[in-house]
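Asks: Provided below for reference: sequence and predicted model.
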2 protein chains.
Amino acid sequence: MLHLTFVESALERVPPSLWNHPSVVKKARQVGKHPSKILLDRTYHHRAMLKLPNAAKRGRPDILHFSLLAAFGTPLNKECLLKTYVHTVDDHLIHFNPVVRLPKNYNRFVGLIEQLYEQGKIPVKGPTLLKLEQGGFQKLIEDIQPSYVIAFSRGGRPKLLQEVLDCHLDENLMVMVGAFPHKHFSKGLLEFADDVVSIDIESLEAWIVASRIIFSYERALGLPEKRLNKR
Amino acid sequence: MLHLTFVESALERVPPSLWNHPSVVKKARQVGKHPSKILLDRTYHHRAMLKLPNAAKRGRPDILHFSLLAAFGTPLNKECLLKTYVHTVDDHLIHFNPVVRLPKNYNRFVGLIEQLYEQGKIPVKGPTLLKLEQGGFQKLIEDIQPSYVIAFSRGGRPKLLQEVLDCHLDENLMVMVGAFPHKHFSKGLLEFADDVVSIDIESLEAWIVASRIIFSYERALGLPEKRLNKR
């Protein structure tokens, strides 16, 4: 089983210090919600974010949207061999039912996540598709209890993806992919990793790293062959 | 060189028959444009599209957005070994300067493409980043003059991706990926392909197929090793 975690994802609601900023008020009015109930988004709140601490790593729900879509439609996920989790920059965790069909439209995705922050789970009644909880990355580690944890970071040890994964196919492997636009993992987070690996000389976007990890894991498992032979 | 073409992409402006539909008028008013100048989008125009011919393959600019983002950030593109082209369901072609930085925000991407349909190229002056022209897939084939063309379709010959690509590394290889939500390539289009290949037992989304093709091509070239050794 591969446990894919998007770490320090640039996803949060607009913090109280920005509720009165004109760009926030305007966007909130457009969607008919209180500023406290909308997601921070640099596309709309760029000016409001100028004085925000750690702004380079915040306010990019689109990165998570692409990354989740790169994961959920894969054969590995369809075979129930992939579990995907989100850890956010403000220490929330999102758990997904692997059968969830996420909205492809960005505005609907944002609406869904705003609803999730409001309700704590979706749907409120019946089998849960998305669940939000407070808790740092430590909590996720305790939930998953991985046998091995690999973080992907440009600052890591240069290594080919296939060589990284091949040794851990029979394990409860967890991988950490940063879902933020700039900078690196916070130092405390890398302490959870058994190995920190760099698969390219340049920084790659989270959805590109995630899709490559998943496909390499599938290839190492021989999953493409197995699925083609099912015909 | 790998020439990646997104074919029959579900991208077009709202057709004249729908200009007066309430859902189209409403969306056009929201963005301050005439209905003739906005993109057809099932998220907003679902009711308007109910009677549209071939509707199952139309009105999904989001598919192309994800697919382009899956291509442009890759090492293959950074090394100038990838060229990406779009053919649309209404026979337009889009050419990209490989250095273009596409908007990650969906609404901005839509705005950019609407501007492209209006102006024919972006920017109007200076080095072109995006260029739109009328012309069917035939025109693209004539422009690229590929030595070999592979179409990816669930109806094709079952084959592992790495086996498909390995034989064509020294060529001017062109791959065809459908960027539409349902159904198959139109029959006429498959006549341009030297081989039609299926890489999974289920239909995979365009951005997943594209990212796997690019990564497999990189692996076949030994590009990950080469780039890591540059450190």
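Replies: Thanks, I have it.
Asks: how long is stretch A:150-165 end to end?
Replies: Taking Cα to Cα, to the nearest Å, the span from the opening residue of stretch A:150-165 to its closing residue is 9 Å.
Asks: How far off centre is it?
Replies: 18 Å (Cα atoms, centre = their mean, to the nearest Å).
Asks: Which positions within it qualify as buried?
Replies: A:Ile150, A:Ala151, A:Phe152, A:Ser153, A:Arg154, A:Gly156, A:Pro158, A:Lys159, A:Leu160, A:Leu161, A:Val164, A:Leu165 (16 or more other Cβ atoms under 10 Å in any protein chain shown). All C-beta spots, glycine's among them, are computed from the backbone N, C-alpha and C.
Asks: would you turn the residues you listed into JSON lines with pLDDT, distance to chain B and secondary structure?
Replies: Written out in JSON lines, the entries for these read as follows (pLDDT from 0 to 100; distance: Cβ to the nearest Cβ, whole Å; DSSP: H, G, I helix; E, B strand; the rest coil):
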{"residue": "A:Ile150", "pLDDT": "97", "distance to chain B": "16", "secondary structure": "strand"}
{"residue": "A:Ala151", "pLDDT": "98", "distance to chain B": "17", "secondary structure": "strand"}
{"residue": "A:Phe152", "pLDDT": "98", "distance to chain B": "13", "secondary structure": "strand"}
{"residue": "A:Ser153", "pLDDT": "96", "distance to chain B": "14", "secondary structure": "strand"}
{"residue": "A:Arg154", "pLDDT": "94", "distance to chain B": "11", "secondary structure": "strand"}
{"residue": "A:Gly156", "pLDDT": "95", "distance to chain B": "11", "secondary structure": "strand"}
{"residue": "A:Pro158", "pLDDT": "96", "distance to chain B": "4", "secondary structure": "strand"}
{"residue": "A:Lys159", "pLDDT": "96", "distance to chain B": "8", "secondary structure": "coil"}
{"residue": "A:Leu160", "pLDDT": "96", "distance to chain B": "6", "secondary structure": "coil"}
{"residue": "A:Leu161", "pLDDT": "95", "distance to chain B": "7", "secondary structure": "helix"}
{"residue": "A:Val164", "pLDDT": "93", "distance to chain B": "11", "secondary structure": "helix"}
{"residue": "A:Leu165", "pLDDT": "93", "distance to chain B": "13", "secondary structure": "helix"}
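Asks: burial count for the closest residue to A:Leu221 other than its chain neighbours?
Replies: Leaving aside its sequence neighbours, A:Leu221 sits nearest to A:Leu169 (Cβ to Cβ, 6 or more residues apart in numbering or on different chains; 6.1 Å). When neighbours are counted by other Cβ atoms under 10 Å in any protein chain shown, A:Leu169 registers 13.
Asks: Let me know the pLDDT of the residue of chain A found nearest chain B.
Replies: Among the residues of chain A, A:Tyr106 lies closest to chain B, at 3.8 Å counting by Cβ to the nearest Cβ. The score at A:Tyr106 is 97. That number is its pLDDT.
Asks: A:Lys230 now?
Replies: The model reports A:Lys230 with a pLDDT of 80.
Asks: how near is it to B:Ile208?
Replies: When distance is defined by Cβ to Cβ, to the nearest Å, A:Lys230 is 18 Å away from B:Ile208.
Asks: more neighbours, those two?
Replies: For A:Lys230 versus B:Ile208, the count of surrounding residues by other Cβ under 10 Å is larger for B:Ile208: 26 against 9.
Asks: what ranges do the helices span in chain A?
Replies: All helices of chain A, identified by DSSP state H, fall at A:22-31, A:42-45, A:61-72, A:75-78, A:106-119, A:137-144, A:161-166, A:187-190, A:206-221, A:223-229.
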